Each structure stands twice: as C-alpha cells, then as structure tokens.
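Visitor: Below are the sequence and a predicted model for it; my questions follow.
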Amino acid sequence: MLLHFLLKISAPEISDFPLFLIIAIGGVPLLFQIAVKILNKNLGADLLAFIALLLAVYLGQYLAANLIVLMLASGQ
C-alpha cells in the first residue's frame, strides 16, 4: 500500500496497479476458502466481508478492498 501512495505522487496513472496486484494475489485464494465455507453451510462474518470486498472493487474503492483482503487474511 505504501507503493500506491509513492506512485500517486510520481506516476498517478499507474498508482492503482499495486492495489490490483494485492487484490488478485490475496483475494483469489480467499474466494476459494469462502466458497468452501458456503458449500459447508458455514455462513459467518467472512461471507459478509467478502461481499464488502466485491462491492469495494465494483465501486472502484481499491484501497478499501485491500484493507478487507488484509483483514480476511489475518483472521485465518
């Protein structure tokens, strides 16, 4: 996330790339873990956080999506 802020100053057109990378690397494995939990009918806060992650990406709030990925990954 620090790289995002440094790039925002020097190269704003590519400043979101590190955020996309974190969402892709961290979010995709979490998607599979949460899908398994849904199939096992273990609905909880992880499902709600993943819905928030999808909405953050849809709305273009990539920094918020990164914080959600961090929260989900640290809670595992």
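Guide: Done, it's in.
Visitor: What is the burial count for residue 64?
Guide: 16 (other CB atoms under 10 Å). C-betas here are computed from N, CA, C, even on glycine.
Visitor: and the longest helix along the chain, what's its mean pLDDT?
Guide: Assignment by DSSP state H gives helix 17-39 as the longest helix of the chain. In this model, helix 17-39 has a mean pLDDT of 87.
Visitor: Check which helices and strands the helix or strand harbouring residue 66 is in contact with.
Guide: Assigned by DSSP states H and E, residue 66 belongs to helix 62-74. Helix 62-74 sits against helix 17-39, helix 45-58, with contacts defined as 3 or more CB pairs under 8 Å, 6 or more residues apart in numbering; DSSP states H and E.
Visitor: circling back: how much distance is there from the longest helix of the chain to the middle of the chain?
Guide: 7 Å (CA atoms, centre = their mean, to the nearest Å).
Visitor: try stretch 51-64
Guide: Counting by CA atoms, centre = their mean, stretch 51-64 comes out at 7 Å from the chain centroid.
Visitor: can you start the count at 7 instead of 1 from here on
Guide: Sure, I'll start counting at 7 from here, so that last one is stretch 57-70.
Visitor: end-to-end on that stretch?
Guide: The straight-line separation of the ends of stretch 57-70 (CA to CA, to the nearest Å) is 13 Å.
Visitor: follow-up on the earlier one: just the CA coordinates of the longest helix of the chain, formatted as CSV?
Guide: The C-alpha trace of helix 23-45 is given here as CSV (Å, rounded to 0.1, in the frame of the first residue of the first chain):
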residue,chain,number,x,y,z
PHE,A,23,-1.5,-1.2,-10.1
PRO,A,24,-0.1,-2.3,-6.7
LEU,A,25,-3.6,-2.4,-5.3
PHE,A,26,-4.9,-4.5,-8.1
LEU,A,27,-2.0,-6.9,-7.6
ILE,A,28,-2.7,-7.3,-3.9
ILE,A,29,-6.4,-7.8,-4.6
ALA,A,30,-5.6,-10.5,-7.2
ILE,A,31,-3.0,-12.3,-5.1
GLY,A,32,-4.8,-12.1,-1.8
GLY,A,33,-8.4,-12.1,-2.9
VAL,A,34,-8.5,-15.1,-5.2
PRO,A,35,-7.4,-17.7,-2.6
LEU,A,36,-9.8,-16.1,-0.1
LEU,A,37,-12.6,-16.6,-2.7
PHE,A,38,-12.0,-20.3,-2.8
GLN,A,39,-11.8,-20.6,1.0
ILE,A,40,-15.1,-18.7,1.4
ALA,A,41,-16.7,-20.8,-1.4
VAL,A,42,-15.9,-24.0,0.6
LYS,A,43,-17.4,-22.4,3.7
ILE,A,44,-20.6,-21.6,1.8
LEU,A,45,-20.8,-25.1,0.5
